[in-house]
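Colleague: From the sequence below, what's the structure:
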Amino acid sequence: MNLADIRFLFAYDRWATRKVLEAARALGRADWPVGEPVGTRQLGDILVHQLGAHQRWRHGLAELPGERPRPEQEPLPPVDGLAAAWDVEWAALDAWLDTIDDAWLARTGDGVPFWQMLAHVANHGTQHRSEAAALLTAAGRSPGDLDMIFFSEEVAGAVG
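Modeller: Got it, this is the predicted structure:
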């Protein structure tokens with residue numbers, strides 16, 4: 001896997017997460033108690049955890065100093081606040097991706113290539129978006145199709 005592939009995975013991750021956030025925004029609620037919890041998390045908790053995991057992986061792989069972010073330990077923000085936090089994270093991710101290359105992706109940590117760790121981060125988001133999408137759909141606010149192929153077709157149509 002090369003850097004272009006990683007950028008594609010994270011572009012898909014962003015596209016799908018934005019769709020879920022837009023569906024959540026349509027709930028029109030400052031808090032997010034929608035449906036039965038998935039495990040111990042409700043909708044907002046799921047999406048905040050997705051953000052926190054994304055931030056912690058980026059901080060760890062980029063070897064940033066200081067404590068890794070734990071937004072799960074802060075009060076649950078409204079949807080717009082969470083969307084703004086994602087915008088900050090995506091900008092930080094883009095800036096960091098500009099500093100790495102294919103040779104960096106081939107390096108390993110604990111025997112695992114860094115590219116696989118980055119693929120894991122995008123895939124982890126898929127799990128939590130699916131949980132959130134199920135809750136949103138049950139509340140009558142489906143985010144629509146989140147499959148990567150629909151993103152691919154949209155991107156291809158935009159450049160074609």
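Colleague: got the contact list for the nearest residue to residue 38 once chain neighbours are set aside?
Modeller: Nearest-residue entry for residue 38: residue 131, 4.4 Å, with adjacent residues in sequence omitted and distances by Cβ to Cβ, 6 or more residues apart in numbering. C-beta here means a position set from N, CA and C on the backbone, and glycine is covered the same way. Listed by Cβ atoms under 8 Å, 6 or more residues apart in numbering, the contact partners of residue 131 are 38, 41, 46.
Colleague: What are the buried residues along the helix or strand harbouring the last one?
Modeller: I take that to be residue 46. Secondary structure from DSSP states H and E places residue 46 in helix 43-61. By neighbour count on 16 or more other Cβ atoms under 10 Å, the buried set for helix 43-61 is 43-59, 61.
Colleague: and if you look at stretch 140-156?
Modeller: 141, 142, 143, 146, 151.
Colleague: Name the nearest residue to the third one, sequence neighbours excluded.
Modeller: Same thing as residue 143. Excluding the flanking residues, the one nearest residue 143 by Cβ to Cβ, 6+ apart is residue 23, at 3.8 Å.
Colleague: pLDDT of stretch 72-81, averaged?
Modeller: The average pLDDT for stretch 72-81 rounds to 91.
Colleague: so where does the residue lying closest to residue 148 once chain neighbours are set aside fall, helix or strand?
Modeller: With sequence-adjacent residues excluded and distances taken as Cβ to Cβ, 6+ apart, residue 148 is closest to residue 12, at 5.2 Å. Counting by DSSP H and E, the element that carries residue 12 is helix 3-25.
Colleague: what does that helix contact?
Modeller: Helix 3-25 is contacted from outside by 32, 43-44, 47, 50, 79-80, 82-83, 86, 90, 93, 97, 100-102, 105, 115, 118-119, 121-122, 125-126, 129, 132-133, 136, 141-144, 146, 148, 151-152, 154-155, using Cβ under 8 Å, 6+ apart.
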